[in-house]
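*Asks:* Okay, sequence plus prediction incoming.
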Amino acid sequence: MHPSEEFMNYYIKYEPKIRSYIQRLVFDSTDAEDIMQSTAMLLWKKHDQFKADQAFLPWAYKFAYNEIRNYYRKHEKSKKLLLDPDCIDQLADTSLKNSSQLEELKASLDDCLYKLDNSDRRLIEYRYCEDGKINDLAEKQKTTPNALSKALQKIRQKLHICVRSNQEHS
């Protein structure tokens, strides 16, 4: 595989995590998107420096972090930014530490969702992935909204227990 193709595979895989990292540190969504774009361009310009035997995400985070720092330096006078450089450093460190924990939780939740029976999984997907309304589904299924709410509560409880159990065993 050509090195630039390998780089693109890594970038595509980790782009949502890089975006999330930036959004956690830059509160204005338009500015965060601008920083994401400049980070992407910078990563591409420097892609020949990336070595396949190194971890892509920490490498990419360094570029994103520098772009965030540049953003705060550039806008410290023109905007009333609430964060000083030390605070940005602390947020970045905390964000990196929490991102691995969040990834573990997400993987555990995915595993637990897979273990649900089809009707329970479908109800969760309808409610949370499709942003479905309880009243609409109750009408379709000829049941009461209260009955569906209780069913969702039981499913969430199952998922909570499953995720906790997975975390204790890892």
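*Replies:* Arrived safely, thanks for sending. Numbers count the residues shown, from 1 in each chain.
*Asks:* Please identify the helix or strand for residue 16.
*Replies:* According to DSSP states H and E, residue 16 maps onto helix 3-25.
*Asks:* Any regions of this protein where pLDDT drops low?
*Replies:* Scanning the chain for pLDDT under 70 picks out 1, 3, 77-88, 95-100, 170.
*Asks:* how does it divide into domains?
*Replies:* Under the assignment automatic domain parsing, the domains of the chain span 1-101, 116-170.
*Asks:* Comparing the ones you listed, which stretch has the densest surroundings?
*Replies:* Among the domains of the chain, ranked by average contacts under mean count of other Cβ atoms under 10 Å, first place goes to domain 1-101 (a mean of 14). (Each C-beta comes from the backbone N, C-alpha and C, glycine too.)
*Asks:* Return the distance of that one from the chain's centre.
*Replies:* Distance of domain 1-101 from its chain centroid, counting by Cα atoms, centre = their mean, to the nearest Å, is 13 Å.
*Asks:* Please verify my assumption that residue 26 contacts residue 71.
*Replies:* Yes - between residue 26 and residue 71 there is a contact at 6.5 Å, judged by Cβ atoms under 8 Å.
*Asks:* shared neighbours, these two?
*Replies:* residue 35 (Cβ atoms under 8 Å, 6 or more residues apart in numbering).
*Asks:* And the residue sitting furthest away from the middle of the chain, its phi and psi?
*Replies:* For the chain, the residue at maximal distance from the C-alpha centroid (Cα atoms, centre = their mean) is residue 142, at 36.3 Å. The phi and psi values for residue 142, taken as degrees, to the nearest 10, are phi 50, psi 50.
*Asks:* hmm, back to that, can you list the domains of the chain in JSON lines and add distance to residue 108?
*Replies:* Compiled in JSON lines, the domains of the chain are given as follows (distance: least, Cβ to Cβ, whole Å):
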{"stretch": "domain 1-101", "distance to residue 108": "11"}
{"stretch": "domain 116-170", "distance to residue 108": "4"}
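*Asks:* out of those domains, which comes closest to residue 110?
*Replies:* Proximity to residue 110 (Cβ to Cβ) singles out domain 116-170 among the domains of the chain, at 9.9 Å.
*Asks:* how distant is that closest one from the center of its chain?
*Replies:* Distance of domain 116-170 from the chain centroid (Cα atoms, centre = their mean) equals 22 Å.
*Asks:* which is the next helix or strand following the helix holding residue 16?
*Replies:* The C-terminal neighbour of helix 3-25 among helices and strands, as given by DSSP H and E, is helix 29-45.
*Asks:* Next secondary structure after that following helix?
*Replies:* Past helix 29-45, the next helix or strand by DSSP H and E is helix 56-75.
*Asks:* How about residues contacting that next one?
*Replies:* If you take Cβ under 8 Å, 6+ apart as the criterion, helix 56-75 is touched by 10-11, 13-14, 17-18, 21-22, 25-26, 31, 34-36, 38-39, 42-43, 46, 50, 81, 83, 85, 88, 92, 96.
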